Every structure is written in structure tokens, then in C-alpha cells.
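> Here is my input; please provide its structure:
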Amino acid sequence: MKLKVGDKVEVIAGSSKGKTGKIIKTLRKEDKVIVEGVHIVKKHRKGNGQESGGILEVEAPIHASNVMIIDPKTKKRTRIGHSVDKNNKKIRISKKSNEKLD
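Numbers count the residues shown, from 1 in each chain. From the prediction side, this is the model:
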């Protein structure tokens, strides 16, 4: 998976298509990501002595193929490529603008 926590992404498929947000968590084994404010579901929770129960709204995972990273320069969605910098370290770059992704 080429996506990392903190990347700004846009959803390209599904019920949340067109929404943007930051990646909160990556689930590498399942090839899914959790995006802030996207794909909100209601979760019913039973209360116990310390916490009260109720219906919570939480972000659900989205498959990584349904999101694309946003280019920092053009602010449009783009693919991710790899390159080697001066110190022979592998870095991620934007395919649209060849801009380095952090």
C-alpha cells in the first residue's frame, strides 16, 4: 500500500464519492484505510459502569483502491510514484507534478 497516515486523499468510489479528508489509520493486512469525516456509520454501544451507552457515529474503513492522494501543488487527485533522492533514499512523488510527498 502506497498510502500513509496523514495523507490528504479524495474518495473516488462508493457512497462517499467526492469527499476529501486525512487518513487517520491504515489497515495494511486488509488493504483498507480510515479517512477523517468520510464513510460515517452508526455504531450501537452498550453502556457499562464508567461509560454511557448510545448510538455513536464513527468512521468505517474504506478499501485503499477507492481513494486517491491529492497533489500538494495542483490540489487535484494523482497517482503515487517512487524515486530515489540524493542520499539514495526511496521517496514518494506525485505523478502529476513530480512533487515530493511527505
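> list the buried ones in stretch 19-29?
Buried positions in stretch 19-29, judged by neighbour count with 16 or more other Cβ atoms under 10 Å: Lys19, Thr20, Gly21, Ile23, Thr26. Heads up, the C-betas are built off the backbone N, CA and C, glycines and all.
> Would you check how far apart the last one and Ile62 are?
Read it as Thr26. Summarising the geometry, the distance separating Thr26 from Ile62, computed by Cβ to Cβ, to the nearest Å, is 11 Å.
> who touches both of the two?
With contacts taken as Cβ atoms under 8 Å, 6 or more residues apart in numbering, Thr26 and Ile62 have Lys32, Val33, Ile34 as neighbours in common.
> and the strand or helix carrying the last one, which strands flank it?
Using DSSP states H and E, the secondary-structure element containing Ile34 is strand 32-35. In its sheet, strand 32-35 lies beside strand 20-27 (antiparallel), strand 62-63 (antiparallel), with partners assigned from DSSP bridges.
> so how far is that strand from its chain's centroid?
Strand 32-35 has its average C-alpha position 5 Å from the chain's average C-alpha position, going by Cα atoms, centre = their mean, to the nearest Å.
> go on, stretch 22-29?
In terms of Cα atoms, centre = their mean, the centre of stretch 22-29 is set 6 Å apart from its chain centre.
> ditto for stretch 87-102
Averaging C-alpha positions (Cα atoms, centre = their mean) puts stretch 87-102 18 Å from its chain's average.
> I'm done for today, thanks for sticking with me.
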